[in-house]
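Peer 1: Give me coordinates for this.
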Amino acid sequence: MHPQFAAPRVLVVDDHRKIRDPLAAYLRRHNFDVRSVGDAAGMQSLLKQHTFDVVVLDVMLPDGDGFELCQQLHRRCNLPVILLTARDTAADRIRGLDLGADDYLTKPFEPRELVSRLNSVLRRYRSPRPLPATGSEVVKPSRYRFAGWQFCVSTATLSRDDQAPVQLSSAESRLLQVLLQFPQQILSRQRLVDLTAAHDSEISERAIDRQVCRLRRKLADGAESPTLLRTLWGRGYSLTADVSHD
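Peer 2: Next up, the predicted model:
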C-alpha cells in the first residue's frame, strides 16, 4: 500500500478489556491499524517500539492519570489524543481540552462516533499546507519574536532576556501560533476555533476565552502587556504587536 494511503495507526489505551478489545476490532473493520493496551506502562512501551497517528486514551488507568499522560504526549511527541472518560462533567471536559486533548468522548459512546472523531482529528493533522505561487514549499516558522518576547514552537516556550522561559500548554501554544500568524488582525472566537482545529464550537469557544486569559497572565511581565492581546467586545481578539520569525 502506498504510504499516502496507509491505514491510520491508532493506539487504544483502556484498562477494561470488554471495552478495549471490541473497540479495537471495530476500528480495524473501519480500516484503522490498531494496537491496544490496558495501562500507561504498556502505552509507553508501545510508543518506544512503534509510531502512531493518534492515541485513544482512557482518563482513569490503574497506573497513571490520563490527563497528565495526555499533556505528556503533546509536549514530548506532539501526538494527537482523544480522551475517553466515564465522568461527564464540564470540569473534566474543560481540563482535558486545556491540557491539549484534541477531542473528548464520554462513556458509554457509539463506536461510530469515535470513528468520526478519529477521522476529524487525522484530517486536521494531515491537511496539506498550501504552496505559494512559485511552487516552493511553505516552511513553518520555528521561532517568533514580538513585543520583546520570543516564542519557540518546538518547545512551546515563551522567553525574554530578563526572565526564565514560560511553558505553554499545547492548547495555548496552538492559539498563540494562530495569533502570531495573523498579527494586527481581529479574529473572532469562531475563527480562532477553526484555525486552532477545535472540534466542538460550544466548548471550544469557551476554551478560547480561557486560553486567552491564560496567555495574558503569562505575558503579564511584558511592558506592552496591557494592550498586547486585546479583546474587542462582540468582534473577537487581536494581537497588537509587530511579529517577525525565522
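Peer 1: how about the CA coordinates for stretch 109-118, as CSV?
Peer 2: Included here for stretch 109-118 are C-alpha records, laid out as CSV according to Å, rounded to 0.1, in the frame of the first residue of the first chain:
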residue,chain,number,x,y,z
PHE,A,109,-20.4,6.1,23.4
GLU,A,110,-21.2,4.9,20.0
PRO,A,111,-18.1,3.4,18.3
ARG,A,112,-19.1,5.0,15.0
GLU,A,113,-18.9,8.4,16.8
LEU,A,114,-15.3,7.6,17.7
VAL,A,115,-14.6,6.7,14.1
SER,A,116,-15.9,10.1,13.0
ARG,A,117,-13.9,12.0,15.6
LEU,A,118,-10.7,10.0,14.7
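Peer 1: lowest-confidence helix or strand of this structure?
Peer 2: Across the helices and strands of the chain, mean pLDDT, DSSP states H and E gives its lowest value to helix 225-228, namely a mean of 68.
Peer 1: Quickly list the domain ranges of this protein.
Peer 2: 3-126, 143-245 (automatic domain parsing).
Peer 1: For the lengthiest helix in the chain, what does the pLDDT average out to?
Peer 2: Assignment by DSSP state H gives helix 201-218 as the longest helix of the chain. What helix 201-218 shows for mean pLDDT is 74.
Peer 1: which residues in this structure form helices?
Peer 2: Using DSSP H, helices in the chain cover 17-29, 40-49, 66-77, 90-98, 111-126, 170-181, 189-195, 201-218, 225-228.
Peer 1: Dump these to JSON lines, plus distance to residue 143 and mean neighbour count.
Peer 2: Backbone N, C-alpha and C define where each C-beta goes, glycine included. Formatted as JSON lines, the helices of the chain follow (distance: least, C-beta to C-beta, whole Å; neighbours: other C-beta atoms under 10 Å):
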{"stretch": "helix 17-29", "distance to residue 143": "38", "mean neighbour count": "15"}
{"stretch": "helix 40-49", "distance to residue 143": "27", "mean neighbour count": "15"}
{"stretch": "helix 66-77", "distance to residue 143": "18", "mean neighbour count": "19"}
{"stretch": "helix 90-98", "distance to residue 143": "25", "mean neighbour count": "17"}
{"stretch": "helix 111-126", "distance to residue 143": "22", "mean neighbour count": "15"}
{"stretch": "helix 170-181", "distance to residue 143": "10", "mean neighbour count": "22"}
{"stretch": "helix 189-195", "distance to residue 143": "20", "mean neighbour count": "18"}
{"stretch": "helix 201-218", "distance to residue 143": "17", "mean neighbour count": "17"}
{"stretch": "helix 225-228", "distance to residue 143": "18", "mean neighbour count": "14"}
